[in-house]
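>>> Can you look at this prediction? I've put the sequence above it.
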Amino acid sequence: MRFVPVTCEQRERMLAAIGVRSAEELFAPIPEEARLKRPIALPEGLSEVELAAELEALAAADASGLVSFAGAGCYDHYVPAIVDAVVSKPAFFTAYTPYQPEVSQGTLQAIYEYQSMVCALTGMDVANASVYDGATALAEAALMAARVTKRHRVVVSSTVHPEWREVLRTYARGGTIEVVEAPAASGVTDLEALRAHTEGAAAVLVASPNFFGCVEDVRVACQLAHDAGALAVVAVNPILLGVMEAPGVLGADIVVGEGQPLGNPMSFGGPGLGLFAAKAEFLRQMPGRIVGRTVDAEGKPGFVLTMQTREQHIRREKATSNICSNHSLNALAAAVYLSAVGARGLEGIARACIAKARYLHDALLGTGRFERFSDAPFAHEFALRYHGDVEAMQSAMLERGYLAGVHAARFDEALAGVVLFAATEKRTRSQIDAFVEEVASL
Amino acid sequence: MSTDRTYRDLGRLIFETGAPESACVTPPALDVPEPDLQTVLGDAVRREPPALPHVTEVEIARHYERLAGLNFGVDTGFYPLGSCTMKYNPRIGERACRLDGFANLHPYQPAESVQGALRLMHELQEALAELSGLPAVTLQPAAGAHGELTGLMVIRAYHESRGDARRRVLVPDSAHGTNPATVAMCGYEVTQVPSDERGGVDVEALKAALGPDVAAIMLTNPNTLGLFDENILEVTRLVHEAGALAYYDGANMNAIMGKVRPGDMGFDAVHINLHKTFGTPHGGGGPGAGPVCVRESLAEFLPDPVVVKDGDRYVFARPARAIGRMRSFAGNFGVLVRAYAYIRGVGGDGLAEVSEQAVVSANYVMARLKDAYDVPYERSCMHEFVASGARFRKEHGVRTLDIAKRLLDYGVHPPTVYFPLIVDEALMIEPTETESLETLDAFVDAMRAIAEEAEQDPDRLRGAPYTTPVRRLDEARAVKEPDLAWRPTETAPREA
């Protein structure tokens, strides 16, 4: 395929206008020693029909269309057709960051509306235009809390997703923050042990539901943070906020989350959508792009990127973060999704997920092959201990067309035998019944 | 974007559309018993429903169609935004990333069920290694700035593994703002290195800045002036002699494919912006992807996971001394699919043609504009060039911002303005290889017409744009009276 419209004859005219005989002259500043003296060692290009066939063959080598009971941070929700219809509009996906507001009102207003929806879900005052994913949102929240409190140490519950905790530790490698983990007891944060770590901390970071699907006592966790002068950072699942209390009501200072469940395909784990919202008093320490509403020279309403003195292109090494983009298109998908379902739809979807997870949980326990991992209440995901070889079970179920949960041992050897199961509104009773029957028959 | 019709309902929010009872999607009837929420969630049950829109599907369709009509994208017209490589986004990539076998994969599926996806990632790793001249690749970073952070963390881990604590990173004064911001996030201090009179790194100043406490230098070459640094081999040699490593900001890779590779210039680590060089869309700000390629000696520090070939199957693996993880899961896979499709479709020879044409087009535009605008460095450019509007400010009180806004009336997206910081009233112009001669000529004509207007009717420029959906926005008010989210109780300001 070729996307260069200039013809040979035009190119000659261009070279003449430049005043060189060949394009090669323009590359003269490249030292001879450094030059690539051979063609690029990549295969020749393909025609579109050949390329399409190759891509389809690669995609066909993957098992898709599985009946999925896997979650652990990425969820198989239904994406309404209108979502893709909107994010497929070239005016949205071929645009850049809206630096020129006069010709970017579409992107800017869509982000403003997205920010508004994130605030409504989380009970926060301000949201940014999104960051890369939930894990980096958590790490950015920890760095922000350190700036706000002028403290160095953050306390994260060990019930937060293991990959998110690892991202947090990786972001801390530069010594900008120190990360301490508070232990868990039977699938939930040990709040007494957490209290022991909070003195002098910049932030307390918890997730609810947590990695094991369990609902945490967010109100108490926030209180513990505030008692020690730390900020309370709460990670959420946005679908479940249709029925779960907004963290803002429970005392959170910063709310983060993975927004993929809101209208974005799983896409092998990326791109995701980092939800990031905070109380208004912390606005000037927030990372990332923020859109504000204002008026134009004629008094017409309009939107702009604002509060930019926090950002790298102005503040350079003193910026609140090095981030200079957002996951705008994923945020757009989330906004369309939330508009499509509305508050009642979101509640209904969350209720359906919870009901199906409960039904699956009870049915799996009923096979006698599993036992409880935790007695704590859970929402749409839960952990069970499997009496047997988890890998063999998952492999056998894969052959039958099922994704039989996520083995927690992939994150922590100590969790060998523990399987995380999730159910979304897409799963039907007959799928669950058939799945449980197959698992029982192994 | 059409400029000849009245824009209706400007500023009207989706929250202000539809009736309170309206809904679009309803969940299916429940086919399992519904547990009592209070019992399941206890105190965690929500009391007030979130204030979300209440609209039907047709209202959503029209709302976003209206918003799309207010936007300018690559499909709308010429977008010579310097440093951003706004080339055309081939549609095959859009189709490919939506294939069921890519879009509907769970990240923790067993490796045997995702061999196609893993193979695609592995081949993309190999292609980027070939193009960068650096053999080990992580596809994990979600953006260019995220790649910078990854690369610098890897460099930090490398020094630490040798018990060699270093604390400073050198950044030229022409660098992207993300470079110094990344340095700070990585816990290092920034030392700025000045440019010389030819726009390259001032070698004497570099020698003075180097020392045993310098961990790395971050450079882009061609640099942000669009100039190739002729001393690059000496620069990287001096850096290595001081025990530091050289990091390459790959933002400007579109200039050099087939000509020179960062690894061969002496760089140890590089990030590549797939959304620039490899034609994946910018999405109104993202998602992009910023894979990082490193030298063999740094490979063991790359973040978890990388894709490796084990016999004839592909698996995720954790490098021996991985810095950790830069995000959840393996990368912005949907973007990786598009970049892979681009590279396969265009091919090795095609990529060389891409860079050559990008450089020819930039030089052509520069040649045709340099009598009307000042070009501060009198030499050929690479894929972009920087002009200065300083003369117009001095002589006519017209700022570069005014020139940029006036371009909007000519149906062109303005270049990057006021960057790099070392050029007064900078206009950074990157045409890319996907624009026709006709488009380039139309741009040149518009720029020349604006230069004339600046002399004859400067007020015309100061008031521009006139034909866009909104005129210049009051940015001071946006900061002074922050309105960052709609609240259910308020009535929004509406056009009379």
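Noted; the coordinates are in hand.

>>> Could you tell me which helix of chain A is the longest one?
What stands out as the longest helix in chain A, according to DSSP state H, is helix A:328-366.

>>> immediately after that one, which helix or strand?
strand A:370-372 (DSSP states H and E).

>>> Tell me if that next one is near chain B.
No. Legend: contact between strand A:370-372 and chain B by C-beta under 8 Å from any C-beta of the partner chain is lacking; minimum distance shown is 15.2 Å. All C-beta atoms are positioned from the backbone trio N, CA, C, and that covers glycine.

>>> If you average pLDDT per helix and strand, which one of chain A comes out bottom?
helix A:312-315 (a mean of 84; mean pLDDT, DSSP states H and E).

>>> list the buried ones in it?
A:312, A:313, A:315 (16 or more other C-beta atoms under 10 Å in any protein chain shown).

>>> and which of these is nearest residue A:241?
residue A:312 (30.7 Å; C-beta to C-beta).

>>> Am I right that residue A:383 is in a strand?
Yes. With DSSP: H, G, I helix; E, B strand; the rest coil as the criterion, residue A:383 is part of a strand.

>>> What number of residues are in the vicinity of residue A:329?
Per other C-beta atoms under 10 Å in any protein chain shown, the neighbour tally for residue A:329 reads 28.

>>> which residue sits closest to it, ignoring its sequence neighbours?
Nearest residue to residue A:329 in three dimensions, chain neighbours excluded: residue B:283, at 3.6 Å (C-beta to C-beta, 6 or more residues apart in numbering or on different chains).

>>> ok, the one you found to residue A:95 distance?
8 Å (C-beta to C-beta, to the nearest Å).

>>> Could you do residue A:177 as well?
35 Å.

>>> Likewise for residue A:266?
25 Å.

>>> Which one's more surrounded, those two?
residue A:95 (31 against 27).

>>> Is it correct that that one is in contact with residue B:282?
Yes. At 6.6 Å, residue A:95 counts as touching residue B:282 under the criterion of C-beta atoms under 8 Å.

>>> Output the below-cut-off pLDDT ranges for the stretch 151-300 of chain B.
Nowhere does the stretch 151-300 of chain B drop to pLDDT under 70.

>>> so where do the strands sit in it?
Remark: strands assigned in the stretch 151-300 of chain B by DSSP state E, counting those that start in this stretch are B:168-172, B:189-193, B:214-219, B:245-249, B:269-271, B:292-294.

>>> close to chain A, is the fifth one?
Which is strand B:269-271. No. Strand B:269-271 does not reach chain A (C-beta under 8 Å from any C-beta); its nearest approach is 11.9 Å.

>>> ok, the spatially closest residue to residue A:31 that is not a sequence neighbour - how many residues close by?
Leaving aside its chain neighbours, residue A:31 sits nearest to residue B:233 (5.5 Å; criterion: C-beta to C-beta, 6+ apart). The number of residues packed near residue B:233 is 16, by other C-beta under 10 Å.

>>> again with residue B:123
Using other C-beta under 10 Å: residue B:123 sits among 19 other residues.

>>> Work out for me the element it sits within.
Short version, using DSSP H and E: residue B:123 is in helix B:115-132.

>>> Surely residue A:429 and residue B:33 touch.
No. Assessed by C-beta under 8 Å, residue A:429 is found out of contact with residue B:33, at 9.7 Å.

>>> Which one of those two is surrounded by more residues?
residue A:429 (16 against 10).

>>> quick one, what contacts that one?
A:356, A:359, B:31, B:32 (C-beta atoms under 8 Å, 6 or more residues apart in numbering or on different chains).

>>> where does it sit relative to residue A:352, distance-wise?
Distance from residue A:429 to residue A:352, by C-beta to C-beta: 11 Å.

>>> just to revisit the earlier point, for residue A:429 and residue B:33, list the residues in contact with both.
Contacts common to residue A:429 and residue B:33, judged by C-beta under 8 Å, 6+ apart, are residue A:359.

>>> Mind putting the contacts of residue A:429 into CSV with neighbour count, pLDDT and distance to residue A:57?
Below are those laid out as CSV (neighbours: other C-beta atoms under 10 Å in any protein chain shown; pLDDT from 0 to 100; distance: C-beta to C-beta, whole Å):
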residue, neighbour count, pLDDT, distance to residue A:57
A:356, 26, 98, 35
A:359, 22, 98, 38
B:31, 15, 96, 37
B:32, 20, 97, 39
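
>>> May I see those residues organised as TSV, with distance to residue B:393 added?
Below are these laid out as TSV (distance: C-beta to C-beta, whole Å):
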residue	distance to residue B:393
A:356	65
A:359	70
B:31	69
B:32	70
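
>>> how close does whichever residue of the stretch 151-300 of chain B sits closest to chain A sit to residue A:323?
Nearest residue of the stretch 151-300 of chain B to chain A, counting by C-beta to the nearest C-beta: residue B:187, 2.7 Å away. Per C-beta to C-beta, residue B:187 is found 17 Å from residue A:323.

>>> Next: residue A:379.
From residue A:379 across to residue A:323, the span is 30 Å (C-beta to C-beta).

>>> The two: who's more crowded?
The neighbour count for residue A:379 versus residue A:323, taken as other C-beta under 10 Å, is higher for residue A:323 (29 against 25).

>>> per-residue pLDDT, residue B:3?
Looking at residue B:3, its pLDDT reads 45.

>>> err, residue A:77, not the other one
For residue A:77, pLDDT reads 97.

>>> Can you get me a residue count around it?
Neighbours of residue A:77 (other C-beta under 10 Å): 20.

>>> Report all helices and strands that the very next helix or strand once past the helix holding residue B:123 contacts.
Elements were assigned by DSSP H and E; along the chain past helix B:115-132, the next helix or strand is strand B:136-138. In terms of contacts (3 or more C-beta pairs under 8 Å, 6 or more residues apart in numbering or on different chains; DSSP states H and E), strand B:136-138 is packed against helix B:115-132, strand B:292-294, strand B:306-310.

>>> what's in contact with strand B:136-138?
The contact list for strand B:136-138 (C-beta under 8 Å, 6+ apart) reads B:125-126, B:128-129, B:150, B:291-296, B:298-299, B:302-303, B:306, B:331.

>>> Buried among these? Need that as a selection in PyMOL.
Those of those that count as buried under 16+ other C-beta under 10 Å are selected in PyMOL with:
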select buried, chain B and resi 125+126+128+129+150+291+292+293+294+295+298+299+302+303+306+331
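
>>> what subset of the contacts of strand B:136-138 is also close to chain A?
Answer for the contacts of strand B:136-138 near chain A (C-beta under 8 Å from any C-beta): B:303, B:331.

>>> Please consider this matter closed, and thank you.
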